[in-house]
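A.B. asks: return atomic coordinates for the entry below.
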Amino acid sequence: MDSDGGFHEVENDGKPFLVYQNPKYDLIPYKQGSTSFGEAINDDQLLQPLFLCPWARRCSNHFSSSPLFSSAEYIVSTGGYWSDHSVLPLFWCNNKIFDADGGCGICRGSNFGTDYYFCDYCAKMFHKECVQSPPKIKHPYHSEHHLQLQFSFSYEIGDQYCFCCTRKVKYLLYYCTICEVFMHPICAMKPISFVINPPKRHDHPLTFFPGQTVLTCNICGLLRKLYPTYICARCNFVAHKDCMNYPHIIKISRHNHRISYIYPLQSRESSCGVCRQITNSGYGAYTCGKCSNYVVHSRCALGKNVWDGEELEDIEEEDDIIQDFRPFSVISEGVIDYFLHDHHLQLKTIILYHESKLCQACCLPIYEGNFYSCMECHFIIHETCTNLSRRIQHALHPHPLRLVIGDDSWDYFCCHACVRRFNGFNYKCSIRDCNFYLDIRCAAIFEPFYFKIHGHPLYLALDPAEQPICHICKRKCYKQLNCIECIFIVCIKCATLPYTVRYTHDTYFLTFLSGEELCKKVWCDMCELNLGDTCTQVFYWSNEYYTAFHIECVLGADPYLKPGQYYRNGVETKILGKNNISRPLCSVCKKRCQSTIIKRRNEIACSIECFLNVYARTIH
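C.D. replies: Residues are numbered from 1 along each chain as shown. You can find the predicted model right below:
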């Protein structure tokens with residue numbers, strides 16, 4: 001234990017706990033009366049230790065994420081500059097007020113009890129634990145190394161999660177630099193139960209195992225050395241602390257039915273429905289009661305990108321069935337009323353291809369076949385696009401998605417799968433403030449996925465945190481599909497490229513060609529540069545006419561942006577289509593615009609990347 005404080009054994013209602021205690025300070029409880037935050041405090045209250053406001057501490061360390069060692073950083077005497085930022089302890093205050101104001105001013109958390117501090121200078125409220133957090137602790141959950149208090153920002157640590165509660169950590173946190181273990185201060189200060197009774201998972205009490213264990217958890221089937229573990233001495237049952245509250249019945253994005261937790265999994269040959277790896281009998285897993293062979297590892301089933309966090313026990317199964325309705329009604333032969341357009345649409349067949357005729361849904365040209373054209377305006381859409389489901393459940397997101405159309409208030413969206421910008425139809429999450437979008441090409445990806453230039457089925461089986469190299473474009477994947485039978489990996493951006501395209505007014509089609517296949521040319525017929533000059537190992541090729549093009553030369557930097565007029569912060573933004581006559585200079589990169597032209601005021605951009613620079617300049 002640290003000389004400044006540590007975890008000590010105490011009893012509460014006859015049950016043993018480990019509780020953090022620090023002898024350096026013993027706060028005198030300040031009972032809140034009618035005194036408001038802005039009123040002066042009396043001399044008796046000033047006898048209490050004064051702690052520096054966490055927000056002031058953060059600001060003083062704004063450009064550094066190094067650990068805070070000096071006790072003067074968090075305990076200060078009265079007087080001087082820092083006296084303006086001392087904090088007033090308030091006990092037994094109203095939780096509802098705390099939560100309504102956005103929670104703790106430093107960790108953003110709430111719902112943690114009724115004790116908190118208030119800084120009158122910056123009008124912020126803080127958890128007691130966030131204010132009193134010492135610069136260094138040794139925690140029973142991670143007893144090998146000290147945890148150091150530091151302020152960190154998302155660009156420094158990325159998406160990291162608390163070791164105790166699994167929520168994302170922000171700003172103020174405890175951190176082990178050796179093991180990369182993170183904790184919220186409020187989680188680090190919570191009392192630890194020596195003995196617990198998990199009614200859902202085991203018949204006997206479980207005892208805290210304080211060492212760095214090498215025991216496999218019976219619930220999740222994993223060996224996780226760093227995680228706090230409880231054991232049953234009577235029957236050799238082992239459970240991670242965070243596994244004991246696993247839900248019993250859930251619905252995940254990778255399966256059409258509910259799945260239920262069972263322990264132990266009976267002996268049978270099966271692979272996990274998420275990661276596609278073999279499941280182990282004798283440990284816990286989730287299985288489908290309707291599909292006899294569907295099994296999912298416990299940890300895979302509860303992934304944030306797979307499960308929505310809802311326990312469905314005692315909830316009728318019909319409640320999670322996605323209700324879909326036909327996207328159009330037939331008015332007469334060849335005429336429909338489409339739910340995302342105000343006028344009737346008439347079925348037509350393309351006779352003469354023109355590159356300016358873009359489908360309003362997928363933003364791609366209408367090369368051939370049937371399409372619907374508005375009888376009153378210029379709206380056109382592929383016949384296949386009118387059959388898109390209004391609501392779907394997609395493997396890439398735990399919530400239902402609904403088909404929507406953009407509006408003039410925003411010029412483009414970013415797809416969360418391929419990270420391309422688009423302004424056509426999209427699938428948007430039905431949950432308020434979720435802000436998850438899929439363009440309709442990525443929404444068409446389901447498991448198994450068959451990629452035309454690969455012979456095996458592909459799956460969304462890799463850990464979402466992984467960013468492997470795509471075998472097609474040779475870049476890091478944001479979202480990817482992988483082959484179970486070989487090592488092939490393709491990013492969703494490459495997997496959804498159009499397989500056939502036409503270039504300008506040519507009458508023939510170009511076909512998607514992988515770099516692994518034989519290409520009889522070495523230069524691009526548009527830019528006249530070597531086909532190997534880009535990282536992308538795929539091209540568009542015509543074997544009949546002996547022509548080859550870089551993907552970027554045919555599609556452009558932003559192939560899913562259709563022309564239109566939009567408004568950003570009240571200023572008009574125009575997206576102009578490909579024009580072979582006018583190719584102005586980009587205001588940012590100073591190169592000729594090859595495809596899309598984006599205009600805002602008197603500035604010209606050749607791509608979204610350049611447009612963002614234009615936008616930054618024009619908002620000032």
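
A.B. asks: what's the weakest-modelled helix or strand in the protein?
C.D. replies: One helix or strand of the chain scores below all others by mean pLDDT, DSSP states H and E: strand 75-76, with a mean of 42.

A.B. asks: quick one: contacts for S152?
C.D. replies: S65, V169, Y171, L173, Y175 (C-beta atoms under 8 Å, 6 or more residues apart in numbering). To be clear about C-beta, it is placed using only N, CA and C from the backbone, and glycine gets the same treatment.

A.B. asks: how many residues are close by the last one?
C.D. replies: Residue crowding around Y175 was assessed by other C-beta atoms under 10 Å; the count is 21.

A.B. asks: for it, name its beta-bridge partners.
C.D. replies: Partner residues in beta bridges with Y175, using DSSP bridges, are Q148, F182.

A.B. asks: report the contact partners of it.
C.D. replies: P67, L147, Q148, L149, Q150, S152, V181, F182, M183.

A.B. asks: centroid residue for this structure?
C.D. replies: In the chain, the residue lying closest to the centroid (C-alpha atoms, centre = their mean) is N305, at 7.3 Å.

A.B. asks: I figured D159 hits K168, correct?
C.D. replies: Yes: counting by C-beta atoms under 8 Å, D159 does reach K168; the two are 6.4 Å apart.

A.B. asks: any idea how far N370 lies from R441?
C.D. replies: Going from N370 to R441 by C-beta to C-beta, to the nearest Å gives 19 Å.

A.B. asks: the more surrounded of these two?
C.D. replies: When N370 and R441 are compared for neighbours, R441 comes out ahead with 23 against 14, by other C-beta under 10 Å.

A.B. asks: please report phi then psi for the nearest residue to that one once chain neighbours are set aside.
C.D. replies: Leaving aside its chain neighbours, R441 sits nearest to T496 (4.3 Å; criterion: C-beta to C-beta, 6 or more residues apart in numbering). Note on T496: its backbone torsions stand at phi -100, psi 10 [degrees, to the nearest 10].

A.B. asks: for the stretch 401-550 of the chain, which residues score under the pLDDT cut-off?
C.D. replies: 407-411, 504-506, 515-520, 532-537 (pLDDT under 70).

A.B. asks: show me the domain layout of the protein.
C.D. replies: Here the domain assignment for the chain is 6-188, 194-243, 328-387, 391-443, 500-555, 564-618, based on automatic domain parsing.

A.B. asks: show the buried residues in the contacts of Y175.
C.D. replies: P67, L147, Q148, L149, Q150, S152, V181, F182, M183 (16 or more other C-beta atoms under 10 Å).

A.B. asks: so which of those sits lowest on pLDDT?
C.D. replies: Here the lowest pLDDT out of those sits on P67, with 43.

A.B. asks: distance from whatever helix or strand A239 lives in to the middle of the chain?
C.D. replies: Assigned by DSSP states H and E, A239 belongs to strand 237-240. Offset of strand 237-240 from its chain centre (C-alpha atoms, centre = their mean, to the nearest Å): 30 Å.

A.B. asks: more neighbours: which of D159 and K168?
C.D. replies: A count of neighbours by other C-beta under 10 Å puts K168 above the other of D159 and K168, at 14 against 9.

A.B. asks: tell me the bridge partners for the more buried one.
C.D. replies: With DSSP bridges as the criterion, K168 is bridged to Y161.

A.B. asks: for it, what are its contacts?
C.D. replies: Going by C-beta under 8 Å, 6+ apart, the list of residues near K168 reads D159, Q160, Y161, C162.

A.B. asks: and those as CSV, adding distance to S389 and pLDDT?
C.D. replies: Below are those laid out as CSV (distance: C-beta to C-beta, whole Å; pLDDT from 0 to 100):
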residue, distance to S389, pLDDT
D159, 31, 71
Q160, 36, 79
Y161, 34, 82
C162, 38, 85
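
A.B. asks: turn the residues you listed into JSON lines, columns for distance to C527.
C.D. replies: Shown next, in JSON lines, are those (distance: C-beta to C-beta, whole Å):
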{"residue": "D159", "distance to C527": "38"}
{"residue": "Q160", "distance to C527": "43"}
{"residue": "Y161", "distance to C527": "45"}
{"residue": "C162", "distance to C527": "50"}
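
A.B. asks: which of these sit farthest apart?
C.D. replies: Greatest spacing in these, by C-beta to C-beta: D159 and C162 (11.8 Å).

A.B. asks: where does the stretch 101-250 of the chain have low pLDDT?
C.D. replies: For the stretch 101-250 of the chain, residues meeting the criterion pLDDT under 70 lie at 101-102, 110-114, 153-158, 199, 211-213.

A.B. asks: can you list the buried residues in stretch 429-439?
C.D. replies: C429, F436, Y437, L438, D439.

A.B. asks: V306: neighbour count?
C.D. replies: V306: 23 surrounding residues under other C-beta under 10 Å.

A.B. asks: just the one 10 residues further on next, same as before
C.D. replies: By the measure other C-beta under 10 Å, the count of residues near E316 is 8.

A.B. asks: from I249, how far out is it?
C.D. replies: Taking C-beta to C-beta, one finds E316 at 11 Å from I249.

A.B. asks: need the contact list for N602.
C.D. replies: Going by C-beta under 8 Å, 6+ apart, the list of residues near N602 is empty.

A.B. asks: which helix or strand contains Y566?
C.D. replies: According to DSSP H and E, Y566 maps onto strand 564-568.

A.B. asks: only alpha carbons, please: show stretch 378-397 as PDB.
C.D. replies: The C-alpha coordinates for stretch 378-397 follow below in PDB (Å, rounded to 0.1, in the frame of the first residue of the first chain):
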ATOM      1  CA  HIS A 378     -35.800  15.400 -63.400                       C
ATOM      2  CA  PHE A 379     -35.800  12.600 -60.800                       C
ATOM      3  CA  ILE A 380     -34.600   9.300 -62.100                       C
ATOM      4  CA  ILE A 381     -33.800   6.000 -60.300                       C
ATOM      5  CA  HIS A 382     -32.700   2.500 -61.200                       C
ATOM      6  CA  GLU A 383     -35.500   0.000 -61.200                       C
ATOM      7  CA  THR A 384     -33.500  -2.200 -58.800                       C
ATOM      8  CA  CYS A 385     -33.000   0.800 -56.500                       C
ATOM      9  CA  THR A 386     -36.700   1.300 -56.100                       C
ATOM     10  CA  ASN A 387     -36.900  -2.200 -54.500                       C
ATOM     11  CA  LEU A 388     -34.500  -1.400 -51.700                       C
ATOM     12  CA  SER A 389     -36.100  -2.300 -48.300                       C
ATOM     13  CA  ARG A 390     -37.300   0.600 -46.200                       C
ATOM     14  CA  ARG A 391     -35.900  -0.900 -43.000                       C
ATOM     15  CA  ILE A 392     -33.100  -3.400 -42.500                       C
ATOM     16  CA  GLN A 393     -31.000  -5.000 -39.800                       C
ATOM     17  CA  HIS A 394     -27.400  -4.900 -40.900                       C
ATOM     18  CA  ALA A 395     -24.400  -6.900 -39.700                       C
ATOM     19  CA  LEU A 396     -22.300  -3.800 -39.200                       C
ATOM     20  CA  HIS A 397     -24.600  -2.100 -36.700                       C
END
